[in-house]
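Q: sequence isn't available, so here's the structure alone:
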């Protein structure tokens, strides 16, 4: 079985913790959003640099949507593929596909999107994306990456 051949920031491997598991023995549906947050951090850090001042040039979540396909169990081997689907003046859409080892291959677990709004936390209001964010995202490439699973 081949792993995903993508840049490191675009493939995130979440740690499936016991606390993530609900009474049904699967990862609780709300926990996925924590995984997506971590995958966005892993995606943006190499793109924008670790010295990014998130208080001034931050972002807030405006919307989440997710479609669940398969449950994640405690010992599952999981990968999250992250990309920027769209970038506008003050918002952008991050998209994700979640996979786990299912039999001999990677099985699609979930598909999701997050709308992010550029936000100046000091001023307390949305602002236009900084030029370096837009340029970095466009240079990296918008849209779903080509993957083979």
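A: Looks like it came in fine. Being a predicted model, the structure only gives us computed values, none of them experimental. Numbering: from 1, shown residues only.
Q: going forward, measure contacts between C-alpha atoms and count neighbours the same way
A: Noted.
Q: so where's the chain uncertain?
A: Low-confidence segments of the chain, defined by pLDDT under 70: 1-2, 50-57, 148-149.
Q: which stretches of this structure form helices?
A: 31-48, 131-140 (DSSP state H).
Q: OK, contacts around residue 113?
A: Residues near residue 113 by Cα atoms under 8 Å, 6 or more residues apart in numbering: 64-66, 93-96.
Q: please name the bridge partners of it.
A: Taking DSSP bridges as the rule, residue 113 bridges to residue 65, residue 95.
Q: ok, now which ones touch residue 137?
A: 47, 84.
Q: separation between it and residue 48?
A: 9 Å (Cα to Cα, to the nearest Å).
Q: same question, residue 24
A: Distance of residue 24 to residue 48, given as Cα to Cα: 39 Å.
Q: the two: which has the busier surroundings?
A: residue 48 (13 against 8; other Cα atoms under 10 Å).
Q: in contact with that one, which residues?
A: 132-133, 136.
Q: repeat that for residue 16.
A: Residue 16 touches 27, 74-76, counting by Cα under 8 Å, 6+ apart.
Q: and the contacts of residue 113, which two are furthest apart?
A: Within these, 66 and 93 form the most distant pair, 13.0 Å apart (Cα to Cα).
Q: which of these two has more neighbours?
A: Legend: neighbour count by other Cα under 10 Å for residue 66 and residue 93, higher for residue 93 (20 against 16).
Q: which residues touch that one?
A: 84-87, 113-116.
Q: likewise residue 60?
A: 116-119.
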